[in-house]
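**Q** Dropping a prediction and its sequence here:
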Amino acid sequence: MPDDTKQQAELHRMVMQDHICPFGLKTLDLLQREGYEVKDRPLKTREEVDEFKARNDVETTPQVFIDGKRIGGYEEVLRFFGKDVADKDDVTYVPVIALFTMAVAIALATSWASYDSLVTVAAAEWFIAISMCLLSLQKLKDVESFATMFLNYDLLAQRWVRYGYVYPFGEGLAGVLMVSGALMWLSIPVALFIGTVGAVSVFKAVYIDRRELKCACVGGESNVPLGFVSLTENLMMIGMALWMLTKPAGIGIGF
């Protein structure tokens, strides 16, 4: 028996053989979590979808009706419940926070597996090296977009455009080698060079020229503002390179 004490909502969403609308499922879940009894009205064919849109003068599905009033699609339902709706153009540090959190977790797990301890010199070294690998991966997902955004502020890339395409590979190579402790004669100068050029470029663009730019550090499509994040990335590479110069035996020595 239906619970008459629950508020009622009517949901029209696409549930076709070759396509189940993900926003329809998200809307259904949202309504149920808000305590609504949902009358689910699946639209199973393209004809049903087109007829529904024409009848209700709407351009998209899903569509939600509450007390006979059309609320709208998923984002409109979020607003109806007073929830924040993310704007794809909003500045955000979420990608950076997620990346560094994962790098910390991997470094600590590796330290524990190797030394039965979380607090080791190796854990700190692995954190920086793994961060370099993950940052490189973000750039390598779309090198073209990264290189384009990179041209906005990197001083070397502005003189030699191909440097923007080389940079992600150099950062990834240095990171992998530093994780393994191999070929320090190669990883140290690579990290020191790209880190120094990057730090100077970011400092000039942000703190001298006062330009407001997006950071290419986590890929060319990110909305992370250029500033301390990118500067930190480059300073980490410089610091790691200098640290490794003092450790002829290489990475992986804990205490």
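**A** Yep, that arrived.
**Q** Can I get the helix or strand harbouring Leu242 in PDB, CA atoms only?
**A** Assigned by DSSP states H and E, Leu242 belongs to helix 228-245. Output of helix 228-245 as PDB, limited to C-alpha atoms (Å, rounded to 0.1, in the frame of the first residue of the first chain):
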ATOM      1  CA  PHE A 228      50.200  28.600  -5.300                       C
ATOM      2  CA  VAL A 229      49.200  25.200  -6.600                       C
ATOM      3  CA  SER A 230      51.300  25.400  -9.800                       C
ATOM      4  CA  LEU A 231      54.100  27.100  -7.900                       C
ATOM      5  CA  THR A 232      54.000  24.300  -5.300                       C
ATOM      6  CA  GLU A 233      54.200  21.700  -8.000                       C
ATOM      7  CA  ASN A 234      57.300  23.300  -9.400                       C
ATOM      8  CA  LEU A 235      58.900  23.900  -6.000                       C
ATOM      9  CA  MET A 236      58.300  20.300  -5.100                       C
ATOM     10  CA  MET A 237      60.200  19.200  -8.200                       C
ATOM     11  CA  ILE A 238      63.100  21.500  -7.400                       C
ATOM     12  CA  GLY A 239      63.200  20.400  -3.800                       C
ATOM     13  CA  MET A 240      63.100  16.800  -4.700                       C
ATOM     14  CA  ALA A 241      65.900  17.200  -7.200                       C
ATOM     15  CA  LEU A 242      68.100  19.000  -4.700                       C
ATOM     16  CA  TRP A 243      67.200  16.400  -2.000                       C
ATOM     17  CA  MET A 244      68.100  13.500  -4.300                       C
ATOM     18  CA  LEU A 245      71.500  15.100  -5.000                       C
END
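**Q** Give me the contacts around that helix.
**A** Residues outside helix 228-245 that contact it (CB atoms under 8 Å, 6 or more residues apart in numbering) are 93, 96, 125, 128-129, 131-132, 135, 171, 174, 178, 184, 187-189, 191-192, 194-196, 198-199, 202-203, 206, 215-217, 250-251. No exception for glycine: its C-beta is placed from N, CA and C like everyone else's.
**Q** What separation is there between Met16 and Asn56?
**A** For Met16, the distance to Asn56 equals 18 Å [CB to CB, to the nearest Å].
**Q** any chance you could map the helices in the stretch 151-255 of the chain?
**A** 155-159, 163-180, 184-203, 228-245 (DSSP state H, counting those that start in this stretch).
**Q** and the angle for the helix holding Leu242 with helix 163-180?
**A** Put simply, helix 228-245 runs at 50 degrees to helix 163-180, going by axes from the mean of the first three to the mean of the last three CA atoms, to 10 degrees.
**Q** quick one: low-confidence parts of the stretch 1-150 of the chain?
**A** Low-confidence segments of the stretch 1-150 of the chain (pLDDT under 70): 1-5, 87-91.
**Q** for it, what spans make up the strands?
**A** Assigned strands in the stretch 1-150 of the chain, in chain order: 7-16, 19-20, 36-43, 63-66, 69-72 (criterion: DSSP state E, counting those that start in this stretch).
**Q** which parts of the longest one are buried?
**A** By that I understand strand 7-16. 8-15 (16 or more other CB atoms under 10 Å).
**Q** Take these and lay them out in a markdown table including distance to Tyr115.
**A** Converted to a markdown table, these look like this (distance: CB to CB, whole Å):
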| residue | distance to Tyr115 |
| --- | --- |
| Gln8 | 59 |
| Ala9 | 55 |
| Glu10 | 59 |
| Leu11 | 54 |
| His12 | 58 |
| Arg13 | 52 |
| Met14 | 53 |
| Val15 | 53 |
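**Q** and which of those residues is nearest Glu144?
**A** Met14 (33.2 Å; CB to CB).
**Q** need the contact list for that closest one.
**A** Neighbouring residues of Met14 by CB under 8 Å, 6+ apart: 20-21, 24, 42-43, 49, 61-62.
**Q** I'd like to know which of those residues is nearest to Met149.
**A** Nearest to Met149 among those, with distances taken as CB to CB, is Cys21, at 32.3 Å.
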